[in-house]
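Student: Need a 3D model of the sequence below.
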Amino acid sequence: MNAPDALKPATHLARHERRYPGESAAYREARTALLAEEVELRRHIERVAVQRRALPPGGQLPEDYAFEGEHGPVFLSELFGDKQTLVTYNWMFGPQRERPCPMCTSLLSAMDGQMPDILQRVAFAVIARSPIARLLAFKQERGWRHLYIVSSAGNHFNEAYAFETAPDQDNPALNVFTRRDGVIRHFWGGEMGPESADPGQDPRGAPDPTPLWNILDLTPEGRGHDWYPKLQYDV
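Tutor: Numbering: from 1, shown residues only. All right, here's what the predicted structure looks like:
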């Protein structure tokens, strides 16, 4: 990315001749100001991404965690396949839950559709503490086709990388691991939670990985303050 001082001002990039039918001068003035802010937001996202990629090497994997996979036992090192980077998502579907977390499930449903593209660049695995048969039954119910799911019921991965310190604790977690010269290290993990939430907002990371919220943010109703996805709807 170009150095910030080499970039044109966002207010300059926000000027264009496109107009929508029936828009007022007041709308255009406000929309142009908003567009300048959107340009700045894009630039900030890029700056954060550059800073993230420049992180020093993270901690080495303390052990090669053994999971129960869709086709039998599998080690974390094997989840990389032929890739050098592995992304994992901790799905809140522990054995104490009757049904999985609707928010996690909504996110994973969106990712399932994108997984053929994601897997061109990195490996990806979904991790939950319920027995593998239970996880796969829900995968079939939901119609997921591309997500690879493993059970962490027999290891301490969730304790180390999802910060679950009690048997009935169930935390979401997004982590990235790298394999370089045969050494597996933790590269990045989401660390934004309730303690970093702003007043009146749900705790969430940034950028938000869920397309649902990104779409709703474009609407006048927004995300809402008391609406969350469900596992099914009456239609």
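
Student: Can you report how many residues lie near the residue nearest to residue 37 when sequence neighbours are not counted?
Tutor: Nearest residue to residue 37, sequence neighbours excluded (CB to CB, 6 or more residues apart in numbering): residue 10, at 7.5 Å. The way it works is simple: take the backbone N, C-alpha and C, and place the C-beta from them, glycine included. A count of nearby residues for residue 10, using other CB atoms under 10 Å, gives 16.

Student: Next, the contact list for residue 10, please.
Tutor: 36-37, 39-40, 43 (CB atoms under 8 Å, 6 or more residues apart in numbering).

Student: Could you turn the buried ones of those into a PyMOL selection?
Tutor: Entered in PyMOL, the line below selects the buried ones among the contacts of residue 10, by 16 or more other CB atoms under 10 Å:
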select buried, resi 36+39+43
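
Student: Name the nearest of the contacts of residue 10 relative to residue 149.
Tutor: Nearest to residue 149 among the contacts of residue 10: residue 43, at 36.8 Å, using CB to CB.

Student: Break the chain down into its structural domains.
Tutor: The chain breaks down into these domains under automatic domain parsing: 1-16+24-54, 58-235.

Student: So what's the gap between stretch 67-82 and the chain middle?
Tutor: Mean-position distance between stretch 67-82 and its chain equals 21 Å (CA atoms, centre = their mean, to the nearest Å).

Student: what does it contact?
Tutor: So stretch 67-82 is in contact with 61, 64-66, 86, 88, 123, 125, 127, 131-132, 136, 148-155, 157, 177, 179, 184, going by CB under 8 Å, 6+ apart.

Student: Roughly how far does the residue nearest the centre of the chain sit from residue 112?
Tutor: Using CA atoms, centre = their mean, the residue of the chain that lies closest to the mean C-alpha position is residue 209, 3.9 Å off. For residue 209, the distance to residue 112 equals 13 Å [CB to CB, to the nearest Å].

Student: ditto for residue 98
Tutor: Distance from residue 98 to residue 112, by CB to CB: 22 Å.

Student: Kindly report the same for residue 83.
Tutor: Taking CB to CB, one finds residue 83 at 18 Å from residue 112.

Student: how about the helices in this protein?
Tutor: With DSSP state H applied, the chain shows helices at 10-13, 25-53, 76-79, 102-118, 132-142, 157-161, 211-216, listed in chain order.

Student: Residue 194 is nearest to which of the ones you listed?
Tutor: helix 102-118 (14.2 Å).

Student: before we move on, the earlier item: could you dump the helices of the chain into TSV with distance to residue 229 and mean pLDDT added?
Tutor: Shown next, in TSV, are the helices of the chain (distance: least, CB to CB, whole Å; pLDDT from 0 to 100):
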stretch	distance to residue 229	mean pLDDT
helix 10-13	33	93
helix 25-53	24	96
helix 76-79	27	98
helix 102-118	4	97
helix 132-142	12	98
helix 157-161	23	97
helix 211-216	7	91
